[in-house]
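Chemist: below: sequence and its predicted model.
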Amino acid sequence: MRVLGRVVMWAALALLGATAQASPIEQTKGAFVDKFRQLEGEDWPTPTDYRNAAGAPGHRYWQQKVDYRISASLNEATRTISGVETITYRNNSPDSLKYLWLLLDQNYKRNHIAERTETVSPGGSVSMTEVRKVMRYKEWEGGFNALKVTDAAGRALKFTVVDTLLRIDLPSALASGGVATVKIEFTLPMPETRVVGGRSGYECFTKPDQDGNCLFLAAQWFPRAAVYSDYEGWHNKAFVGDGEFTLEFGDYDVSITVPADHVVSATGVLANPEILSAAQRARLAQARTAKEPVYIVTPAEALAAEKQTASGTRTWRFTASNVRDFAWASSRKFVWDAMGVKQDDPSNPLVMAMSFYPKEARPLWDAYSTKAIAHTIDIYGEFAFAYPYPTAQSVNGPVGGMEYPMITFNGPRPVKDKKTGQLTYTERAKYGLIGVVIHEVGHSWFPMIVNSDERQWTWMDEGINSFLEFEAERRWDPEFPRSRGEPRDIVEYMVSSDQVPLMTHSDSLLQFGNNGYTKPATALVILRETILGRELFDFAFREYSRRWRFKRPTPYDFFRTMEEASGVDLDWFWRGWFYSTDHVDISLDKVVQARLDTRNPEVEKAYNRERKKAEPQSLTAARNTQVPVKERDPSTRDFYDETDRFTVTAKDRKDYESLQKKLEPEEAAVLGFKDNFYHFCFRNIGGLVMPVILKLDYTDGTSETIRIPAELWRRNHKAVTWQHVSPKTLKSAEVDPLWETADADRSNNAFPRRIEPAVLKVRDEPAGADNRMADSEVEVTPDSTKTRPSKKDEKKDEK
């Protein structure tokens, strides 16, 4: 369905701009490759009234609006959600719609497409978790059940389930500007996340030394409207596990009924705060102005709730405006802390940063989760725009890291030694928690507000967000130990064969993490630090973020905006980093030091004589022991033995005097110019054209770094020679001295070449062959091959 939709779209674009789309440029002679060929009009779709040529929303831009009113209940015993939702769908498109497509992304049936298309390595091994998943599917099946669809008057509507999609046929076409209301009843058994996997589910603490309670994380838990856009129509590609969720903005009013002693965290604002105790409401008010997180539900209160299960239920109600999704979490185990984060934004001056976590996550979460949220709000607000929502939440549970509007699920915890009970946490867990909170809360900007198509282009949310995460982590700690974005760290992936271009569809990516997260993050770091510089990049990136706030951009809108706002042609950069699998490897093959020929015979012949003296003597002449003839017999010597070709003759002097009389003053000044002309021969081995950052060290102890723009390669992308003029004498030169371009082979960056340091590992001696006799605890004697119990075994028996 997706492929056909794109074919239709491109056909329409071709009709609108046939000349631009026809690719009239065709190289038929020679081997020239234009790495700077413009993408506009050739590879990018033609601008429209909906998306203009500058990369901004056009004057006729539109998007749908979908509102939800949901009543849901959690059955803790069966771990099932039951719900009724009313969807109000506003058709802002210029088209009439005969049906609505909805997403059932958590439709975990045994035969759903993601499960049926899993692949494994032949033979090899299988993990315990994989076996547990196979066993679980034999006794359990997830997915949406008891679906019932009606219109506003309660009349049944025909619907069809297509794997993770739901099509609702409307009784009559929904005209442009019209509104349709549908009501859906459903049930959804929640998966045990650590067994079945997924982006939501439950985790129960049922080991002998645990309390027996559970954490519930609900996401993709209700049928949600699929996107209908100007560039693709219905975005109705089934969810197969990687390409995430493309959704419409709308308003939510959600009531969640849970066991009476549960605490609920959810998208939006708590609309019935009276559900909290008076003390908890007072603490929440105190947290608004606190400089440190304040416990709303204290550790003691959470511990007490764990020990005795309350009877009955309570309903928590949340409202959220202009969000693209809704998620929630529920447990009696939750400790809840919060603090207010001030913003320089009159429309939203205070955001409540809040964390929910069980005792098993303490003290790591008490120390870092809410503070990491606050840090994210500060840094992302600086790079993009102020956080527009009232709350930002981090919830601990079985999901390692996942984002939804105003709420995120994050995983790292301390560890308790099974034998001693000692509680510790690793450095990886500490920075893993800080990093994942920054990353997942950062998704509130991309794609929760700058609403890109996650299923189509992973890099537009994961890559851009990983770039900002990198910036935030470096501002938390300059030596932050785990970051995606450092150019030197992407080299191994860039030279690997197991990769595809960034513009590849999410479901076809190889090395998903490196492709969707690390490479685009690194590309943007390089674009900011090396290509554009911080001032130009930050202005252009902020412009993109604000243009597409609460709208749906495509990659072409991003590319066009970054060029239009920075004033720099970046087609070569997009082509290399986003459309190819080339890597950076620029070799400094040779350096030539040249000077101008003065035409003065006294100078030039003396210079040539010194060069000749510097040459090694003929090996044959050096090894001959006989005295040469001209030394033994002086009569053989003449004028030519007293002079050489470097001797200045009378004619040489006359010719030079004549030349001086003919020279104009400007010409004489040229011949008197004494600076060195250095020729640097660069070779592009990796194929990806990049600026050349060249550090020059001189014999007088000084240095300079020259940044040569990437356009150096515009006429020959394989090899170029570049000239630099200086009165100083060059001692050495180095390409990319600060390791800022992800150059894959540093051994060819320096001239003269350096000796590369290395450490050789000492291998242990190989173990002996399998010895079944020794393993069986028997032995032989020197006189016989007949086995007997080993002496070691006999001593054991005696003992």
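Modeler: Sure thing, it's come through. Numbering: from 1, shown residues only.
Chemist: so what sits opposite the closest residue to residue 378 other than its chain neighbours in the bridge?
Modeler: Beyond its immediate neighbours in the sequence, the residue positioned closest to residue 378 (CB to CB, 6 or more residues apart in numbering) is residue 341, lying 7.4 Å away. No exception for glycine: its C-beta is placed from N, CA and C like everyone else's. Per DSSP bridges, the residues bridged to residue 341 are residue 351.
Chemist: residues in contact with residue 341?
Modeler: Contact analysis of residue 341 by CB atoms under 8 Å, 6 or more residues apart in numbering lists 350, 351, 352, 353, 373, 374, 377, 378, 392.
Chemist: and what of residue 394?
Modeler: Counting by CB under 8 Å, 6+ apart, residue 394 touches 354, 355, 356, 369, 370, 372, 373, 408, 410, 437, 440, 441.
Chemist: just put these in a markdown table and tack on distance to residue 775.
Modeler: As requested, the contacts of residue 394 are arranged in a markdown table below (distance: CB to CB, whole Å):
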| residue | distance to residue 775 |
| --- | --- |
| 354 | 58 |
| 355 | 53 |
| 356 | 53 |
| 369 | 51 |
| 370 | 56 |
| 372 | 52 |
| 373 | 56 |
| 408 | 52 |
| 410 | 47 |
| 437 | 50 |
| 440 | 50 |
| 441 | 55 |
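Chemist: which of those lies closest to residue 511?
Modeler: Of all these, residue 511 sits closest to residue 440, with 21.3 Å by CB to CB.
Chemist: on that earlier part again, would you mind checking the contacts of residue 341 for buried ones?
Modeler: Among those, those scoring as buried are 351, 352, 353, 373, 374, 377, 392 (criterion: 16 or more other CB atoms under 10 Å).
Chemist: so which other helices or strands are in contact with the helix of greatest length in the chain?
Modeler: In the chain, assigned by DSSP state H, the helix with the most residues is helix 364-383. Identification of packing neighbours for helix 364-383 by 3 or more CB pairs under 8 Å, 6 or more residues apart in numbering; DSSP states H and E yields strand 335-342, strand 350-357, strand 391-396, helix 427-442, helix 462-476, helix 534-547.
Chemist: kindly provide the whole-number mean pLDDT of that helix.
Modeler: Taken as a whole, helix 364-383 has an average pLDDT of 98.
Chemist: circling back: quick check: the farthest pair among the contacts of residue 341?
Modeler: 352 and 378 (14.8 Å).
Chemist: how about stretch 474-494: buried residues?
Modeler: Neighbour-count burial for stretch 474-494, counted by 16+ other CB under 10 Å, picks out 474, 476, 480, 483, 484, 485, 486, 487, 490, 491, 493, 494.
Chemist: work out for me the element the fifth one sits within.
Modeler: Put plainly, it is residue 484. For residue 484, there is no helix or strand it lies in under DSSP states H and E.
Chemist: from here on, count from 10
Modeler: From this message on, residue numbering opens at 10, which makes the last subject residue 493.
Chemist: was I right about it contacting residue 475?
Modeler: Yes - look at residue 493 against residue 475 with CB atoms under 8 Å: they come within range, at 4.6 Å.
Chemist: joint contacts of these two?
Modeler: Joint contacts of residue 493 and residue 475 (CB under 8 Å, 6+ apart) are 526, 527, 530.
Chemist: for the nearest residue to the second one once chain neighbours are set aside, what are its contacts?
Modeler: This points to residue 527. Excluding its sequence neighbours, the residue lying closest to residue 527 (CB to CB, 6+ apart) is residue 493, at 4.3 Å. Going by CB under 8 Å, 6+ apart, residue 493 touches 475, 478, 479, 526, 527, 530, 531.
Chemist: can you tell me the SS state at the last one?
Modeler: Classification of residue 531 using DSSP: H, G, I helix; E, B strand; the rest coil returns helix.
Chemist: show me the contacts for it.
Modeler: Here residue 531 is in contact with 493, 494, 495, 496, 498, 499, 751 (criterion: CB under 8 Å, 6+ apart).
Chemist: give me the below-cutoff pLDDT ranges for the chain.
Modeler: 10-33, 801-808 (pLDDT under 70).
Chemist: spatially central residue in it, please.
Modeler: Residue closest to the average C-alpha location in the chain (CA atoms, centre = their mean): residue 526, at 1.8 Å.
Chemist: quick one on the thing from earlier: from the contacts of residue 531, pick the one nearest residue 272.
Modeler: Using CB to CB, the contacts of residue 531 come closest to residue 272 at residue 493, 33.2 Å.
Chemist: state the distance from the closest one to residue 444.
Modeler: 9 Å (CB to CB, to the nearest Å).
Chemist: which neighbours do the two share?
Modeler: residue 478.
Chemist: quick one: contacts of stretch 87-97?
Modeler: 75-84, 161, 188-199, 201, 211, 223, 225, 227, 230-232, 234, 259.
Chemist: ok, back up a step: residues touching the residue nearest to the centre of the chain, list them.
Modeler: Contacts of residue 526 by CB under 8 Å, 6+ apart are 471, 472, 475, 493.
Chemist: which among the residues you listed gets closest to residue 279?
Modeler: residue 471 (30.3 Å).
Chemist: go ahead and confirm that closest one touches residue 527.
Modeler: No - counting by CB under 8 Å, residue 471 stays clear of residue 527, with 9.5 Å between them.
Chemist: coming back round to it: could you dump the helices and strands packed on helix 373-392 to CSV with distance to residue 663?
Modeler: Output for these, formatted as CSV (distance: least, CB to CB, whole Å):
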stretch, distance to residue 663
strand 344-351, 86
strand 359-366, 88
strand 400-405, 88
helix 436-451, 79
helix 471-485, 70
helix 543-556, 60
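Chemist: farthest-apart pair in the buried residues of stretch 483-503, please.
Modeler: 485 and 503 (26.6 Å).
Chemist: name the residues of the helix or strand hosting residue 141 that are buried.
Modeler: If you go by DSSP H and E, residue 141 is part of helix 137-148. Neighbour counts over helix 137-148 (16+ other CB under 10 Å) mark 142, 146 as buried.
Chemist: packing partners of that helix?
Modeler: helix 202-205.
Chemist: just the CA trace of the helix it packs on, in PDB.
Modeler: Taking Å, rounded to 0.1, in the frame of the first residue of the first chain, the C-alpha atoms of helix 202-205 are listed here in PDB:
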ATOM      1  CA  THR A 202       7.400  -6.700  28.600                       C
ATOM      2  CA  ARG A 203      10.500  -8.600  29.600                       C
ATOM      3  CA  VAL A 204       9.100 -11.800  28.000                       C
ATOM      4  CA  VAL A 205       7.100 -10.700  25.000                       C
END
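Chemist: how far does whichever helix or strand comes after that helix sit from its chain's centre?
Modeler: For helix 202-205, the succeeding helix or strand toward the C-terminus, using DSSP H and E, is strand 210-213. On the basis of CA atoms, centre = their mean, to the nearest Å, strand 210-213 is displaced by 28 Å from the centre of the chain it belongs to.
Chemist: what's strand 210-213 packed up against?
Modeler: The contact analysis (3+ CB pairs under 8 Å, 6+ apart) places strand 210-213 against helix 202-205, strand 223-227.
Chemist: name the nearest residue to residue 59, ignoring sequence neighbours.
Modeler: Nearest to residue 59 is residue 239, by CB to CB, 6+ apart, at 4.3 Å.
Chemist: that concludes my questions; thank you for your assistance.
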